[in-house]
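Participant: no FASTA, just this:
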């Protein structure tokens, strides 16, 4: 009975064989397919029948199978091009919020969309230097719960987003580096609004019940996440957020008084300046001399901003306004005093 049922879907097994065993660098023959059908599927078939199956897959179902000459066939393209899958695999490995084990499993899943030869390449080719991966388990399940809480539809029907609760972790030095619960294990209750990715980490932007304001939380530092039977709050606060400005402030850690600042860079740092300040109409770039240019932009003045400028040494200098220059001198003086003793 099983053989009879398999015989009815023989053409599908032929398609499966091509998807798993052939690509532009790995041709197969009708004989290879015959052997596969007999050994793996319990189907007896002649080569002439395989030729008909290949023609049907190519002409009726649109599979990009090339060949016939010399008895060899190749599957040239599929739903995802290999370069697309390689890029996705690199993104998976680059994400800090995905553990090494999860990354391997996800890339294995991507491998199901290409041949077995290409799937091996996906796992073998990506190597990231100095990438710290999370050790927290269940990150993907946490993301699923957050998306469930933020959903505006469930089962195709309108749905009101809900709050979530969780415990939040931090690192501490106790017999080595370990993670402990913040606030002595107290439960955080928030209204989730948006998931954000910055420098390989996943964050949740949410309205915090206790602070009554928007906060960001690292996904891989959350645990015991639960969707609560409580309606989400904070819609008015969220609606007033300009996401570009908010994320630049939060993730650049430039929290402080906002001022218009002019900064002098050496010419090779133009890409760096554009990546930091962007190209919006309120950011102004001008040539200063043959070796330098000046950026004028709104910056939130803080120690983190001064430290960022210091990281470039003599290649970057704040030139205006005078009060920010004085603050920068004070920042440097305090650091010098700390090391002078």
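Facilitator: Right, received. Where do you want to start? This one's a predicted model, so the numbers in the text were calculated from it and none came from an experiment.
Participant: For residue 21, see how far away residue 166 is.
Facilitator: 45 Å (CB to CB, to the nearest Å). For the C-beta atoms, the positions are set from N, CA and C on the backbone; glycine is no exception.
Participant: next one: residue 257
Facilitator: According to CB to CB, residue 257 stands 64 Å off from residue 21.
Participant: Now tell me what touches stretch 203-222 from outside.
Facilitator: 96-97, 134, 136, 139, 142-143, 146, 163-164, 166-170, 179, 188-197, 201-202, 232-234, 237-238, 241, 246, 250 (CB atoms under 8 Å, 6 or more residues apart in numbering).
Participant: Those residues, buried ones only, as a ChimeraX selection?
Facilitator: Here is the ChimeraX command that picks out the buried ones among those, judged by 16 or more other CB atoms under 10 Å:
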select :96,97,134,136,139,142,143,146,163,164,166,167,168,169,188,189,190,191,192,193,194,196,201,202,232,233,234,238,246,250
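Participant: Please point out which parts of the lengthiest helix in the chain sit buried.
Facilitator: When the chain is parsed with DSSP state H, its longest helix is helix 322-340. Neighbour-count burial for helix 322-340 flags 324, 327-328, 331 (criterion: 16+ other CB under 10 Å).
Participant: residues in contact with the residue nearest to residue 110 when sequence neighbours are not counted?
Facilitator: Using CB to CB, 6 or more residues apart in numbering and skipping the chain neighbours, the partner closest in space to residue 110 is residue 85 (5.2 Å). Residues near residue 85 by CB under 8 Å, 6+ apart: 110-111, 113-114, 118, 122.
Participant: what about residue 85, distance to residue 66?
Facilitator: 20 Å.
Participant: same check, this time on residue 155
Facilitator: Distance from residue 155 to residue 66, by CB to CB: 44 Å.
Participant: More neighbours: which of these two?
Facilitator: The neighbour comparison of residue 155 against residue 66 (other CB atoms under 10 Å) goes to residue 66, with 15 against 5.
Participant: In the helix or strand harbouring the residue nearest to residue 110, which residues are buried?
Facilitator: Residue 85 is part of helix 82-94 when elements are defined by DSSP states H and E. With burial defined by 16+ other CB under 10 Å, the residues of helix 82-94 counted as buried are 82, 85-86, 88-90, 92-93.
Participant: and which of those is nearest residue 269?
Facilitator: residue 90 (26.6 Å; CB to CB).
Participant: so what pLDDT did that closest one get?
Facilitator: Predicted confidence (pLDDT) for residue 90: 72.
Participant: now residue 9
Facilitator: 80.
Participant: For it, give me phi and psi.
Facilitator: Dihedral pair for residue 9: phi -110, psi 30, per degrees, to the nearest 10.
Participant: Can you tell me what sits against the longest helix of the chain?
Facilitator: Taking CB under 8 Å, 6+ apart as the rule, helix 322-340 contacts 259, 261, 301, 303, 306-307, 309-310, 318-319.
Participant: Restricted to strands, list the residues you listed.
Facilitator: Using DSSP state E, the subset of the contacts of helix 322-340 located in strands is 259, 261, 301, 318-319.
Participant: For the stretch 1-150 of the chain, give me the ranges with low pLDDT.
Facilitator: Applying pLDDT under 70 to the stretch 1-150 of the chain flags the ranges 1-7, 68, 124-137.
Participant: Going along the chain, name the helices of it.
Facilitator: For the stretch 1-150 of the chain, the helices defined by DSSP state H, counting those that start in this stretch cover 2-8, 10-21, 30-41, 47-59, 82-94, 100-110, 116-125, 139-150.
Participant: So for residue 276, which of these sits nearest?
Facilitator: helix 82-94 (20.5 Å).
Participant: now the angle between helix 116-125 and that closest one, please.
Facilitator: Angle, helix 82-94 to helix 116-125, by axes from the mean of the first three to the mean of the last three CA atoms, to 10 degrees: 40 degrees.
Participant: can you give me the angle helix 82-94 makes with helix 100-110?
Facilitator: 170 degrees.
Participant: from here on, count from 43
Facilitator: Happy to do that; since the first residue is 43 now, the last one works out to helix 124-136.
Participant: and residue 272, that's in a strand?
Facilitator: Yes: under DSSP: H, G, I helix; E, B strand; the rest coil, residue 272 falls within a strand.
Participant: residues near residue 116, how many?
Facilitator: By other CB under 10 Å, the burial measure for residue 116, its neighbour count, is 16.
Participant: Likewise for the one 3 residues further on?
Facilitator: Residue 119 sits with 13 neighbouring residues when counted by other CB under 10 Å.
Participant: didn't it look like it was pressed against residue 106?
Facilitator: Yes: applying CB atoms under 8 Å as the test, residue 119 and residue 106 come out as touching, 4.3 Å apart.
Participant: quick revisit: who has more neighbours, residue 299 and residue 63?
Facilitator: Ranked by neighbour count (other CB under 10 Å), residue 299 and residue 63 place residue 63 first, with 17 against 10.
Participant: Could I get the contacting residues of the more buried one?
Facilitator: Applying CB under 8 Å, 6+ apart, the residues near residue 63 are 70, 74, 78, 157-158.
Participant: List just the nearest of those residues to residue 322.
Facilitator: Distance to residue 322 across the contacts of residue 63 (CB to CB) is lowest for residue 157, with 45.1 Å.
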